[in-house]
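*Asks:* Just need the structure, nothing else, for what follows:
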Amino acid sequence: MNYCQAMTGQQRPSTIARDGTIVYEGGAESAARGGVISGGNPSSGGGGISSGSSHDFFGSVSSFQLTGQKLNGQNFLEWAQSMKLAIDGRGKLGYLTRERERPANGDPGLATWNSENSLVIAWLINSMEPAIAKPHMFLPTAKDVWEAVREMYSDLENSSQIFELKTWLWSSKQGSRDVTTYYNYIVTLWQELDLCYEDDWECPANSVKHKKREENERVYNFLAGLNQELDEVRGRILGRKPLPSLREVFSEVR
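*Replies:* Sure thing, here's the model as predicted:
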């Protein structure tokens, strides 16, 4: 099944304009039945597109753009994280991870799966700049769209990106900033660095140990960048066993 069939069940686009506008054949009934082209609640079945009308996938329907920023080719990590949060908050993250597999033909749940899969594709497409979105419009599943975009624009395991972030972290100092500004700056760098990795731990216990060691390293990094006048509180924190969490350290220092 191609993307247009998944979108409406029957409709096919008659033309795709240069600006990304799709003109559909068929009537409002099939558009409404899919629940994807209509505005508002995708399960309501209302607000379908009438015969011959056009629909701009790339910006005219705000209900299908879940985040404030669109994928532009340079912001994949931030875009992907915001999209995962938004889609997970709507209970549809399984369509990106294949936890929601397509039911077999004839299965009573197939129609619902097609509709929800199409909805997630619409969310993804409408959260990209038009030039990036167009090549992915006719992929059959949301997972296919997600993986294709990830392969093309992800900085996952990008050595240059990781090195750059680590260099900023190694050289970060409080300087003229207050403690809160310095802390938020360094935490943002760590969050960006975390998005460059996808850890898959076979043993949960090892994951817990790694996370604790990583947090300790970040406490050392944060404390090392503090100004000299905070030497007393820094020494007091370093003398504790076990070492407090990063948030506890920040709360005490500020």
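
*Asks:* what's in contact with stretch 238-247?
*Replies:* Counting by Cβ atoms under 8 Å, 6 or more residues apart in numbering, stretch 238-247 makes contact with 187, 215, 216, 218, 219, 222, 223, 237, 252, all of which sit outside it. From N, CA and C alone the C-beta is placed, and that goes for glycine too.

*Asks:* Can you flag which of those belong to helices?
*Replies:* Among these, the members falling in helices are 187, 215, 216, 218, 219, 222, 223, 237, 252 (criterion: DSSP state H).

*Asks:* What distance do you get for residue 133 to residue 194?
*Replies:* 27 Å (Cβ to Cβ, to the nearest Å).

*Asks:* Equivalent analysis for residue 246, please.
*Replies:* Counting by Cβ to Cβ, the gap from residue 246 to residue 194 is 13 Å.

*Asks:* residue ranges with poor pLDDT in the protein?
*Replies:* By pLDDT under 70, the weakly predicted segments of the chain are 1-64, 155-157, 199.

*Asks:* residues near residue 121, how many?
*Replies:* Residues within reach of residue 121, counting by other Cβ atoms under 10 Å, total 28.

*Asks:* Am I right that it is in contact with residue 143?
*Replies:* No: using Cβ atoms under 8 Å as the test, residue 121 is too far from residue 143 to be in contact (9.7 Å).

*Asks:* For residue 246 and residue 194, work out which one has more neighbours and name it.
*Replies:* Each of residue 246 and residue 194 has its neighbours counted (other Cβ under 10 Å); residue 246 has more, 21 against 14.

*Asks:* could you measure that one against residue 187, distance?
*Replies:* According to Cβ to Cβ, residue 246 and residue 187 sit 8 Å apart.

*Asks:* Kindly report the same for residue 71.
*Replies:* Distance check for residue 71 against residue 187: by Cβ to Cβ, it reads 24 Å.

*Asks:* the more surrounded of those two?
*Replies:* The residue with the greater number of neighbours, taking residue 71 and residue 187 and applying other Cβ under 10 Å, is residue 71; the counts read 22 against 15.

*Asks:* got a list of what the more buried one touches?
*Replies:* Each residue near residue 71 by Cβ under 8 Å, 6+ apart is listed here: 79, 127, 128, 129, 132, 149, 153.

*Asks:* so how many other residues sit close to the residue nearest to the last one when sequence neighbours are not counted?
*Replies:* Going back to what we said before, that points to residue 153. On the basis of Cβ to Cβ, 6 or more residues apart in numbering, the spatially nearest residue to residue 153 that is not a chain neighbour turns out to be residue 76, at 4.1 Å. Applying the criterion other Cβ under 10 Å, we find 19 residues in the vicinity of residue 76.

*Asks:* same thing with the one 5 residues further on?
*Replies:* Residues within reach of residue 81, counting by other Cβ under 10 Å, total 15.

*Asks:* start the count at 50, not 1, going forward
*Replies:* Okay, residue one is now 50; in that scheme the one you just asked about reads as residue 130.

*Asks:* In this structure it contacts residue 244, no?
*Replies:* Yes: counting by Cβ under 8 Å, a contact exists between residue 130 and residue 244, whose distance comes to 6.2 Å.

*Asks:* and which of the ones in helices among the contacts of stretch 287-296 is nearest residue 208?
*Replies:* Closest to residue 208 out of the ones in helices among the contacts of stretch 287-296 is residue 267 (20.9 Å), distances taken as Cβ to Cβ.

*Asks:* Tell me how far that closest one lies from residue 244.
*Replies:* Here the distance between residue 267 and residue 244 works out to 15 Å (Cβ to Cβ).
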